[in-house]
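Student: have a look at this prediction, sequence included:
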Amino acid sequence: MRAVLIQAAVDHRQPFERRVAAVCDRVVAHRGADLVVLPELWATGYFAFDDYERTAEPLDGPTARALGEAAEAASVHLHAGSVVERGPDGRLHNTSLLFGPDGRLLHTYRKFHLFGHRSRETALLAPGDTLRAHDTALGRVGMTTCYDLRFPELFRVLAEDGAELLVVTAAWPAARIDHWRLLVRARALENQVHVLACNAAGHQGDVELGGASMAVDPWGRVVAEAGRGEEALAADLDPASVERARSDFPAFSDRRLTAAPEKEARLLASRPRAPHRVAPSRTTGCTH
Ligand SMILES: O=C(O)CCC(=O)C(=O)O
């Protein structure tokens, strides 16, 4: 599977509609990829808190329509990063959108953990409360947003819901980019899944975004990593490697606690354990 992460900067000199059109053109240029991913709030700018209200749209608004058309024109799955959504009750959310190659909106995710440190997100937005993975032609996909990376239980819930690919859309500052690198790899390794983490680039006000978008495999290995500036990062993933990693080294199936909120018993009922396979180390991938 070929994924392309568009590590975009927000050009605040351009009107909002022009920013949307420019990013849609960049999506269309990646026809031939299977999945294109955008950063968090790439059109409004995550740190442009004064613009949230003005740029908010419902999920059938012009920005979502343009993104669906771009996905269809490119014939790709499009994880369109996130937009400021105006919900049916008037509240605003940081909402991620996943489109299919026919331009249909397949799945949405409202950011669960709003960020309050030197950020007005908690004051302006309402958090999401629904977490589920979604079946696509590329496998089962879970969506997460930026600060969520610091909450391993959220990733575990999605992995327990069958996600094989976890996508992180972000506007992660350069000041804490070491945390980003560590957390993205940890979330992939501990859940034995692929993680695609698409960060923003450039400056938003006095905050510099850190770039370093990454594709990480189920062994926690970095398949591709971007620099700090604007870039389209391509990565080839082998979807079968999730199954392979889990059967070569069965840590995911050895877990005893569940993160799934709807399960009453937090301790997983004891079940017969599959015998661990003892394979010569040179034939396993588990040296990392
Ligand atoms: O956790 C961090 O350091 C960054 C989080 C963030 O910038 C966000 O959630 O948008």
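Tutor: Perfect, thanks for sending it. Numbering: from 1, shown residues only.
Student: give me the neighbour count for residue 87.
Tutor: By the criterion of other C-beta atoms under 10 Å, residue 87 has 14 neighbours. All C-beta atoms are positioned from the backbone trio N, CA, C, and that covers glycine.
Student: show me what contacts it?
Tutor: By C-beta atoms under 8 Å, 6 or more residues apart in numbering, residue 87 lies in contact with 58, 93, 126.
Student: separation between the nearest residue to the first one once chain neighbours are set aside and the ligand?
Tutor: By that I understand residue 58. Nearest residue to residue 58 in three dimensions, chain neighbours excluded: residue 86, at 5.3 Å (C-beta to C-beta, 6 or more residues apart in numbering). Per C-beta to the nearest ligand atom, to the nearest Å, residue 86 is found 19 Å from the ligand.
Student: over to residue 71?
Tutor: With distances taken as C-beta to the nearest ligand atom, residue 71 is found 24 Å from the ligand.
Student: state the number of residues packed around that residue.
Tutor: Neighbour count of residue 71, defined by other C-beta under 10 Å: 28.
Student: can you tell me the helix or strand for it?
Tutor: Residue 71 belongs to helix 62-74 when elements are defined using DSSP states H and E.
Student: the longest strand seen in the chain: what's the following helix or strand?
Tutor: Longest strand of the chain, by residue count under DSSP state E: strand 77-86. Downstream of strand 77-86, the first helix or strand assigned by DSSP H and E is strand 92-99.
Student: ok, back up a step: what angle do the helix holding residue 71 and strand 77-86 make?
Tutor: 170 degrees (axes from the mean of the first three to the mean of the last three C-alpha atoms, to 10 degrees).
Student: now helix 62-74: buried residues?
Tutor: Buried residues in helix 62-74, counted by 16 or more other C-beta atoms under 10 Å: 63, 64, 66, 67, 68, 70, 71, 72, 74.
Student: averaged over its residues, what pLDDT does it have?
Tutor: Helix 62-74 shows a mean pLDDT of 98.
Student: let me see the residues that make contact with it.
Tutor: 17, 20-21, 24-25, 27-31, 33, 36, 43, 57-58, 77-78, 80, 83, 97, 99-105.
Student: again, 6 Å this time
Tutor: Helix 62-74 has contacts (C-beta atoms under 6 Å, 6 or more residues apart in numbering) with 20, 24, 27-28, 30-31, 57, 78, 80, 83, 99, 102-103.
Student: nearest to the ligand, of those residues?
Tutor: In terms of C-beta to the nearest ligand atom, no member of the contacts of helix 62-74 lies closer to the ligand than residue 83, at 13.9 Å.
Student: burial of that closest one, as a residue count?
Tutor: 27.
Student: what do you get for residue 252?
Tutor: 17.
Student: wait, it touches residue 192, no?
Tutor: Yes. Under the criterion of C-beta atoms under 6 Å, residue 252 is in contact with residue 192, at a separation of 4.7 Å.
Student: overlap in contacts, the two.
Tutor: Each of residue 246 lies in contact with both residue 252 and residue 192 under the rule C-beta under 6 Å, 6+ apart.
Student: which one is residue 49 nearest to, not counting chain neighbours?
Tutor: residue 120 (4.1 Å).
Student: next one: phi and psi at that neighbour?
Tutor: Here is the backbone geometry of residue 120 (degrees, to the nearest 10): phi -100, psi 10.
Student: do residue 122 as well
Tutor: phi -60, psi -30.
Student: neighbours around it, how many?
Tutor: Counted with other C-beta under 10 Å, residue 122 comes out at 13.
Student: name the nearest residue to it, ignoring sequence neighbours.
Tutor: Nearest residue to residue 122, sequence neighbours excluded (C-beta to C-beta, 6+ apart): residue 116, at 4.1 Å.
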